[in-house]
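> Pasting a predicted model and its sequence here:
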Amino acid sequence: QVQLVESGGGLVQAGGSLRLSCVASGRTFSSYIMGWFRQAPGKEREFVAAIRWGGSTAYYADSVKGRFTISKDNAKNTVYLQMNSLKPEDTAVYYCATKSTGLLATRGTTYDYWGQGTQVTVSS
């Protein structure tokens, strides 16, 4: 089992920034990729970004490229999502998740463990 706890969400004006954190605990050695997903009311969950624990390979959704940056601190078992130039359409509950393989990093159904989510609200 891997436990994931997100933090850092909140209310911000359009154009502002937030940094989300996700701390992993438990059997973290089984974790290969950490991902961020989001779900807005009435919409399906969508991929945001992902990163490999080993190395620096990262993946981003087109909608956040150039604005969001995913990073990690292996010593702290923590993954971050720096979100800049936020837009109202970024409003959603953001979830971190982890999977034990490197395949299909953008597909949420392939992830094994999920956090409880943190709300991000961007006002116009």
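Yep, it's here. Numbering: from 1, shown residues only.

> Setting aside sequence neighbours, what's the nearest residue to the residue positioned nearest the centre of the chain?
Nearest to the centroid of the C-alpha atoms of the chain, with distances taken as Cα atoms, centre = their mean, sits W36, at 2.1 Å. Closest residue to W36 in three dimensions, ignoring its sequence neighbours and counting by Cβ to Cβ, 6 or more residues apart in numbering: V48, at 4.3 Å. (C-beta placed from N, C-alpha, C; glycine too.)

> Give me the pLDDT value at the one you found.
pLDDT, the model's per-residue confidence, is 98 for V48.

> Just checking: what are the partner strands of whichever helix or strand it is part of?
In this assignment (DSSP states H and E), V48 forms part of strand 46-52. Strand pairing for strand 46-52, using DSSP bridges, gives strand 33-39 (antiparallel), strand 58-60 (antiparallel).

> circling back: quick one: the residue nearest to the centre of the chain from S124, how far?
From W36 across to S124, the span is 23 Å (Cβ to Cβ, to the nearest Å).

> What residues are bridge-paired with the residue nearest to the centre of the chain?
A49, C96.

> what residues are up against T78?
Residues near T78 by Cβ atoms under 8 Å, 6 or more residues apart in numbering: S21, C22, V23, A24, K72.

> Isn't V120 up against Y94?
Yes - between V120 and Y94 there is a contact under Cβ atoms under 8 Å: 5.5 Å.

> so what's in contact with the two at the same time?
G9, L20, R38.

> Tell me the one of the residues you listed nearest T110?
Ranked by distance to T110 (Cβ to Cβ), the shared contacts of V120 and Y94 are led by R38 at 16.8 Å.

> Quick check: closest non-adjacent residue to that closest one.
Distances taken as Cβ to Cβ, 6+ apart place A92 nearest to R38, at 3.8 Å, with adjacent residues excluded.

> Same check on A40?
Among residues not flanking A40 along the chain, A92 sits closest, at 4.2 Å (Cβ to Cβ, 6+ apart).

> Assess the claim that that neighbour and V120 are in contact.
Yes - between A92 and V120 a contact is recorded at 6.2 Å, counting by Cβ under 8 Å.

> Sweet, I'm off.
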